[in-house]
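[1] fold the following and give me the result.
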Amino acid sequence: MLKALPLIGLAFVLSACGGTSVQRMDAGEVKDVSGRWNDTDSRLVAEEMITDCLAQAWYPRALKETGGKEPTVIVGTVRNQSQEHINTDTFVEELQRALINSGKVEFVASKGERGEVRDERLDQDTNASEETRTAHGKETGANYMLSGTLNQIVDQEGGKAVVYYQTNLKLLNMKSNKIAWNGQKKIKKFVKRSKAGW
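    I've put the predicted structure just below:
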């Protein structure tokens with residue numbers, strides 16, 4: 001028995017060493033491992049919804065109202081109402097990026113980002129020279145706010161499931177509270193697992 005112990009220990013060490021494998025991937029490569037919401041879903045949904053949003057009838061009306069100047073947009077809250085833990089901050093960043101890169105709207109910082117900038121201006125009031133400090137009350141106000149929800153339905157039996165995601169976004173006119181655009185994007189995934197573990 002004592003002679004067998006070193007062999008058992010060696011087998012344990014070898015099995016532990018071979019358990020993890022890491023392969024680097026291109027950040028744009030699509031790889032769906034679990035069937036859950038992932039970075040590709042976040043990016044594609046944001047890009048498709050913003051493209052649809054900016055192609056709708058509200059946009060030429062907004063340009064007319066602003067005398068040809070791009071309307072200013074802010075992204076508000078996107079609530080996760082699914083059963084999964086979905087990092088909505090990543091999705092909001094994708095929405096912001098798609099809006100800014102479109103070149104069709106001006107974009108203002110979120111509530112949290114504005115708070116940090118305002119704190120910096122307060123600090124400048126005390127510590128910066130008159131020539132370089134940034135004055136209060138010069139911020140650009142948003143004309144429209146984009147907000148929405150992420151929803152999910154899971155239909156499962158044993159190791160098989162159909163996972164359905166529905167993203168709803170609304171663009172609200174800040175002055176009138178009217179809904180300028182209401183967009184929806186659906187994703188459906190069929191997932192097979194060798195062991196049921198949802």
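[2] can you pull out the helices in the protein?
    4-17, 39-54, 58-65, 88-102, 111-127 (DSSP state H).
[3] pretty sure residue 121 contacts residue 137?
    No - under the criterion of C-beta atoms under 8 Å, residue 121 is not in contact with residue 137, lying 9.8 Å apart. To be clear about C-beta, it is placed using only N, CA and C from the backbone, and glycine gets the same treatment.
[4] please name the nearest non-neighbouring residue to residue 135.
    Of all residues not flanking residue 135 in the chain, residue 121 sits nearest, at 7.8 Å (C-beta to C-beta, 6 or more residues apart in numbering).
[5] count the neighbours of the one you found for me.
    Other residues within reach of residue 121 by the criterion other C-beta atoms under 10 Å amount to 16.
[6] and it, what does it touch?
    Listed by C-beta atoms under 8 Å, 6 or more residues apart in numbering, the contact set of residue 121 reads 133, 134, 135, 136.
[7] got any ranges where the protein has weak pLDDT?
    Filtered on pLDDT under 70, the chain yields the residue ranges 1-18, 22-33, 195-198.
[8] one more pass at 90, please.
    Residues of the chain meeting the criterion pLDDT under 90: 1-39, 66, 87, 107-128, 130-141, 156-159, 192-198.
[9] geometric centre of it: which residue is closest?
    Residue closest to the average C-alpha location in the chain (C-alpha atoms, centre = their mean): residue 91, at 0.4 Å.
[10] ok, that one touching residue 45?
    Yes - with contact taken as C-beta under 8 Å, residue 91 and residue 45 are classed as touching, separated by 7.4 Å.
[11] so which bits of stretch 109-125 are buried?
    Within stretch 109-125, the residues that qualify as buried by neighbour count (16 or more other C-beta atoms under 10 Å) are 109, 110, 121.
[12] equivalent analysis for stretch 152-163, please.
    152, 154, 161, 163.
[13] how far away from the center of its chain is it?
    Computed by C-alpha atoms, centre = their mean, to the nearest Å, the chain-centroid distance of stretch 152-163 equals 24 Å.
[14] now the terminal residues of that stretch, how far apart.
    Length of stretch 152-163, first residue to last, C-alpha to C-alpha, to the nearest Å: 7 Å.
[15] who's in contact with that stretch?
    Residues from elsewhere that reach stretch 152-163, judged by C-beta under 8 Å, 6+ apart: 35-37, 81-84, 164-166, 188-196, 198.
[16] done for today, thanks.
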